[in-house]
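# Fold the following, please.
(2 chains)
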Amino acid sequence: MVSELQQHMQESFKEHVNEEYLMDCMRCGFCLPACPTYLATNQDETHSPRGRIALMKAMRDGDVVWDGSVEDAFDMCLGCRACEPACPAGVQYGVLIEETRVAIQQAKPKDLMEKVIRKASFDGVFADQKKMAATVKLVQFYQRSGLQAATRKIGFLSLFPPFMKEMEGVLPKVETKKKKSPSLKPATTRVAFFTGCLMDTLFQETNRKTIELLEWLGVEVVVPKEQQCCGALHGHSGEMDKGLRNARANIDAFDSDNFDYIVNNAGGCGAFLSEYEKHLKHDPHYAEKAARFSEKMLDISSIFVKLGMNARLKALKSEENAIVTYQDSCHLRNVNKVFLEPRSLLQDAPGYEYKELIDAGSCCGSAGIYNLLQPEMAKKILEQKMKGVQELRPSKVVTSNPGCLMQMQVGIQREGLQGEMQAVHIVDFLYDAIQKNQN
Amino acid sequence: MDAKLAKPFTSIVGESNIKHSQAQLLAYSYDATANFQAKPDMVLSPKSTEEIKQIVKICASERIPIVSRGSGTNLAAGTVPTQGGIVLLFNNMNKILELDEENLTVTVQPGVITQDLSNFVERHNLFYPPDPSSMKISTIGGNVSENSGGLRGLKYGVTKDYVKALTVVLPNGEVLKLGGKLAKDVAGYDLMSLLVGAEGTLGIITEITLKLIPLPISKKTGIAYFNSLEDAARTVSSIIAHKIIPVTLEFMDKGTIGAVEDFMKIGLPRDAEAMLLMEQDGNAEQVERDIQTMIAIAKKEGATSTSMASSNEEAEILKTGRRAALSALARKRPTTILEDATVPRSEIAKMVRAIQDIAEKHNVQITTFGHAGDGNLHPTCLTDVRDKEEMERVEQALAEIFHVALELGGTITGEHGVGEMKAPYLEWKLGTSGIDLMKAIKSSIDPLNIMNPGKLFAKETKMRLVIHNG
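Presented below is the predicted three-dimensional model:
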C-alpha cells in the first residue's frame, strides 16, 4: 500500500523536478571523480550526482519508497556543483538539486521547531538587512562585552555540537559599521557593490577594503541601500520562492542601467546573483530586468583584473617571499567559471610566491551551512583538504567566500597550524599586501 | 532473496561494507546503458579474495546471482542486476600491490581506477596502453572483464594483450590462479584468455597482473578537418596503406564535433563534416616524420584544414574532447543509444556510408564517432525512450547496422561487450554452433548460473533481418 506521505512526495517531485533535465543524464559516470561526497564515502554511488539524479527520477516514477535513506542521499549533497563542469551532457544538476529540495520541503511534514527556525531565518534574519544587522549587533555585544572571552574560558560552548564551537572560535571580530563611503573623485567606471548579508555584517572590514581598493583603481562605487540577502541560502534549502522574493527586491534596488558592473565579493552570493536570470526567466515582470542584472554581475577578482590591478601589484616590490595558496569557492569556479583571475592576482602580489593547492577546485566542506547540518561528512572532506595544506605549508590560504574562509580557518586550527598560517579573504589579502609595500 | 541472509553476509564483510537501504539499492540498479534498470537485493564490498570465496559459497548454496561491478560505466547493461541478487563492489580492493621492474609487470586489485594505474606506471617511465574513454572512472577489473579497448588500440591492442595473470574465484568457491609473469606459457587450454572478456559470467576476478612496456619518449598529435565523411575514411585507409600505424586515429562526424564543442568550447569548427585526430608516439624523429606524412596524406585526400597540437596540454584537451563524445551527445536528445559495430579497417568507408543511409531510411538521428583506425565505430542513436514509435524505428535501424557490419566481415561489438543489451544479436555473429559451444562452457563452469545471469545469452535471438532495398 502506498502511504500518504509517499504519495505526497511523489506528486511533489512530479510537480517540482523537471523531467527533461532528469533525462539529460545518460549515467555515463563522468561526474563521479568530481564529486567530493562520492570520494569521501569510498565511492558510494548513493552519494554521487549520478546516484542522486537516479533517485530523483525514481521518486518521480514511484520506483523508490521515500524513507530516511533517500532523504539522507539528497541531504548529503554539498551543492558544490563540481559535477557540472565535469558533465559532457550539460546536465543542470544545480537546478535539479534545488528543485528536489523544494519538492521535499513542500511535501515533508515539519516539526514545530524546524518551522520556527526556518521562519526566523528565511523570513527574518536573511530576508532583511536590518534584522541581519540587529543579529550582528548581538554578536558584537557578545564579543565586546567580554562574554566571548568568558564563554571561551569556561567552555560554555562545549555544550553545543563540537563544530559550532570551532566555528565560534574563528568568527571574525565584528567592527562597528562605518558610514558607507561616497565616491571620492569623478570616475569613468561606475560600479554598484553588492555587500552580501554575511559580508556586510561579520565581514564588514572586508567590505570596507573592497570599496577602498575599487576606488584606488579609479572607479566610482555605489552601495544601493535597499539591497537584501541574495537569496542563495533560501534557494539551496528548498525555499526558492523566498529566495526569489529577495531576488526581485535586489533587482529593484540595483537599477542596472545606472552601473557598468554590479560587484560582489562572496562566491556563494555571486553564483546565485548571476543566476537570477535563469530563475526568473518565466516571470513576465522581471525576466528582462533579471537578465540585465545578471549580465552586469562580476566577482571582485574579475573586476580587479579588468581594472588593471595586476600591473599595479607588479609595480610594488618586496623583499619577502612567503608562500600563498588559493582554495577555490565552488560556486565561483563551477558556476561562474572564475578561477584564473584570483590566481593571477595572487601570483602578482608583492611579497608572495603563489603555489597551487592540491585539488584546490574541490569543495572544502563548508558549502553554505552544510558544515552545521552534516558535520561528519564536512569533517571528512575538510580533513582531505588539509592534507594538501599540510604538504604545501603556505603562510596564507586565500579564499573568495566567507563560508570557505571560516571552514579553512577551522581546518588550520584543527591541525594546530594557526601559529604559522592563516585563512584570509582575497580582498583582505590584497589590501594588506598593497599597504605593506606601498611607501 | 531471503532477508535472513543479510546476517551471514554481514559477518563476512562487516557492517560497514553491506548496503541494502532503499536509496543504496536504487543507486546500484543501473549502469551507463539506456533503458536497463533493476534493483539488487544487497550490495557488498568485500576486502579480500578470501571474503569473496565465502560470499560465493553462500550464493552457490542459496542460488543467489552475483554481479561484479567496477564503477558502473558498462554500455551493454552488463552490470545491471536484472535478476536481482548481489552486486559485488571492489571499492575496498583497490590497491596497486606490486610493480615489478625486472619483469615489467604490475599487479593490482580489481578496483584500481584505470587512470590511476596509468599515472602510477608512467611515473616509473612505464606504459600501460589500454585507455578506454571512461578510464578516469572505470576500474581495471571492469576493463579485464570486458576486454576493453580504447583510443590507443590501433597500435597497442586491447586489454587482453596486457593480462599476464589472474586470480579468480570460481562459481563453486574454488580459487584459481591463472597465467604468470611469463613471456611464454602453453600449459594447457588458455583459461586466462577465457576469463578476460567473460563479462563476469564465469567467475570473479580478484587479482590481476598486467604487462607494461617502456614509456615512449615522444608523441605528437595532428588534426584534420574534411568536407565529407568519405574523404576522412579514405585518409584512414591511405595512412594504413602507407605502412604507418599511428597510436590513435580517431574519427568524429559533424554532429559529434558540435556536441563536443558545446561541452569543451575549444573552438572546433562546427561546419566541418568530419574530423580526424591522429597521434603518433615513439622516438622523436620517427614521430615527426609519421605525423607529417599523415598530415600530407590528409591534405591530398581533401582535408580542408590541418593542424598540429602545439603542446601536450593541447593534445590532451583534444583527446579529452573525443573521450567525452558519447556523453556530450547526450545533451542533444533525452536518450542516447550507443552502438559498437566493428568492421575490418578496409571497410570503414562503406560502413560509414551504410550508417548514414540506414539513419535516413528509418528517419532516426544517428551520429558517428569512433576508432576509425581499427574499424571500431560508435554510431550513436539520439532518441527518446518515451516515444514508443520512434524507439521501434531505432531498434530496426540498429539491427540493420549489425547486419551490415556482419556482412562486411565485422562484429556486433568491438569493445563494449554483449551484456544483456546485445545478447539477442550474439547468435548472428556466432551461429547456433558457436552459441551452443559457449553455453556448454558456461554451464560446465557455472552450472547453477549464479555468475551474472541473463548476460551474453538471450532467452530469444532476434530474427535476422532480411534487407529489402527500395
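# Please make it C-alpha for all contacts and neighbour counts, starting now.
Will do.
# Residues of the stretch 51-200 of chain B that sit close to chain A?
Counting by C-alpha under 8 Å from any C-alpha of the partner chain, the stretch 51-200 of chain B comes close to chain A at B:71-73, B:91-92, B:134, B:136-137.
# before we move on, what about the stretch 251-400 of chain B?
So the stretch 251-400 of chain B meets chain A at B:260, B:263-264, B:324-325, B:327-331, B:333-336 (C-alpha under 8 Å from any C-alpha).
# circling back: mark which of the residues of the stretch 51-200 of chain B next to chain A are part of strands, please.
Counting by DSSP state E, no part of those is found in strands.
# Widest-spaced pair of these?
In terms of C-alpha to C-alpha, these reach their longest pairwise distance at B:92 and B:134, which sit 20.4 Å apart.
# State the number of residues packed around whatever residue of the stretch 251-400 of chain A ends up closest to chain B.
Closest contact between the stretch 251-400 of chain A and chain B, by C-alpha to the nearest C-alpha, is at residue A:337 (12.7 Å). Residue A:337 has 12 neighbours, counted by other C-alpha atoms under 10 Å in any protein chain shown.
# mind checking which helix or strand it is in?
For residue A:337, there is no enclosing helix or strand under DSSP states H and E.
# thought residue B:359 was touching residue B:395?
No: counting by C-alpha atoms under 8 Å, residue B:359 stays clear of residue B:395, with 11.1 Å between them.
# Could you check which of those two is surrounded by more residues?
residue B:359 (22 against 15).
# Regarding the more buried one, what is its secondary structure?
Recorded secondary structure, residue B:359: helix (DSSP: H, G, I helix; E, B strand; the rest coil).
# Report pLDDT for it.
pLDDT recorded at residue B:359 is 95.
# hmm, back to that, dump the residues of the stretch 51-200 of chain B next to chain A into JSON lines; add neighbour count as well.
Formatted as JSON lines, those follow (neighbours: other C-alpha atoms under 10 Å in any protein chain shown):
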{"residue": "B:71", "neighbour count": "27"}
{"residue": "B:72", "neighbour count": "26"}
{"residue": "B:73", "neighbour count": "24"}
{"residue": "B:91", "neighbour count": "24"}
{"residue": "B:92", "neighbour count": "17"}
{"residue": "B:134", "neighbour count": "21"}
{"residue": "B:136", "neighbour count": "17"}
{"residue": "B:137", "neighbour count": "23"}
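# Give me the nearest residue to residue B:180, chain neighbours excluded.
What sits nearest to residue B:180 in space, not counting adjacent residues and going by C-alpha to C-alpha, 6 or more residues apart in numbering or on different chains, is residue B:165, at 4.7 Å.
# Equivalent analysis for residue B:99, please.
That would be residue B:106: by C-alpha to C-alpha, 6+ apart, it lies 4.5 Å from residue B:99.
# and that neighbour, that one's in a helix?
No: using three-state DSSP, the assignment for residue B:106 is strand, not a helix.
# isn't it right next to residue B:98, touching?
Yes: taking contacts as C-alpha under 8 Å, residue B:106 lies within contact range of residue B:98: 5.6 Å.
# out of those two, which sits in the more crowded spot?
A count of neighbours by other C-alpha under 10 Å puts residue B:106 above the other of residue B:106 and residue B:98, at 23 against 11.
# Please tell me how far that one sits from chain A.
23 Å (C-alpha to the nearest C-alpha, to the nearest Å).
# OK, contacts around residue B:362?
Residue B:362 makes contacts with B:393-394, B:396-397, as judged by C-alpha atoms under 8 Å, 6 or more residues apart in numbering or on different chains.
# if we go to 10 Å?
By C-alpha atoms under 10 Å, 6 or more residues apart in numbering or on different chains, residue B:362 lies in contact with B:390, B:392-398.
# Return a PyMOL selection command for the buried portion of those residues.
In PyMOL, a selection of the buried entries from the contacts of residue B:362 looks like this (16 or more other C-alpha atoms under 10 Å in any protein chain shown):
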select buried, chain B and resi 390+393+394+397+398
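# Export the contacts of residue B:362 to JSON lines and append columns for distance to residue A:110.
JSON lines is the format used below for those (distance: C-alpha to C-alpha, whole Å):
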{"residue": "B:390", "distance to residue A:110": "44"}
{"residue": "B:392", "distance to residue A:110": "46"}
{"residue": "B:393", "distance to residue A:110": "49"}
{"residue": "B:394", "distance to residue A:110": "47"}
{"residue": "B:395", "distance to residue A:110": "48"}
{"residue": "B:396", "distance to residue A:110": "51"}
{"residue": "B:397", "distance to residue A:110": "52"}
{"residue": "B:398", "distance to residue A:110": "51"}
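# Any chance of TSV for the contacts of residue B:362, columns distance to residue B:171 and pLDDT?
Formatted as TSV, the contacts of residue B:362 follow (distance: C-alpha to C-alpha, whole Å; pLDDT from 0 to 100):
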residue	distance to residue B:171	pLDDT
B:390	41	94
B:392	38	93
B:393	40	95
B:394	37	94
B:395	35	92
B:396	37	93
B:397	38	95
B:398	34	92
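# returning to that earlier point: A strand includes the residue nearest to residue B:180, no?
Yes: under three-state DSSP, residue B:165 falls within a strand.
# For it, name its beta-bridge partners.
Applying DSSP bridges to residue B:165 gives these bridge partners: residue B:179, residue B:209.
# That one contacts residue B:144, correct?
No: the pair residue B:165 / residue B:144 is not scored as a contact, 11.0 Å apart, by C-alpha atoms under 10 Å.
# For those two, list the residues in contact with both.
The overlap between the contact sets of residue B:165 and residue B:144 (C-alpha under 10 Å, 6+ apart) consists of B:193, B:208, B:210.
# what number of residues lie near the second one?
As a burial measure, residue B:208 scores 25 neighbours (other C-alpha under 10 Å).
# if I look at it, how far off is chain A?
From residue B:208 to chain A the distance is 21 Å (C-alpha to the nearest C-alpha).
# Determine the residues that are contacts of both of residue B:359 and residue B:395.
B:381, B:401.
# still on that earlier bit, any chance of the shared contacts of residue B:165 and residue B:144 in TSV, plus distance to residue A:200 and pLDDT?
As requested, these are exported to TSV (distance: C-alpha to C-alpha, whole Å; pLDDT from 0 to 100):
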residue	distance to residue A:200	pLDDT
B:193	66	96
B:208	58	98
B:210	58	98
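# mind listing which of the contacts of residue B:362 are in helices?
In this view, the contacts of residue B:362 that belong to helices under DSSP state H are B:390, B:392-398.
# low-confidence ranges in the chain?
Because you didn't say which chain, this covers chain A. Scanning chain A for pLDDT under 70 picks out A:1, A:111-187, A:439.
# oops, chain B please
B:2, B:464-470.
# could you redo the last one with a cut-off of 90?
B:1-6, B:34-35, B:183, B:229-230, B:312, B:338-339, B:345-346, B:348-349, B:373-374, B:458-470 (pLDDT under 90).
# Would you map the helices across the stretch 101-250 of chain B?
For the stretch 101-250 of chain B, applying DSSP state H, counting those that start in this stretch gives helices covering B:114-123, B:140-146, B:153-156, B:191-195, B:229-241.
# Mind putting these into TSV with mean neighbour count?
Below are the helices of the stretch 101-250 of chain B laid out as TSV (neighbours: other C-alpha under 10 Å):
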stretch	mean neighbour count
helix B:114-123	17
helix B:140-146	28
helix B:153-156	20
helix B:191-195	17
helix B:229-241	21
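# I'd like those helices as TSV, with distance to residue B:270 appended.
TSV is the format used below for these (distance: least, C-alpha to C-alpha, whole Å):
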stretch	distance to residue B:270
helix B:114-123	30
helix B:140-146	33
helix B:153-156	27
helix B:191-195	43
helix B:229-241	14
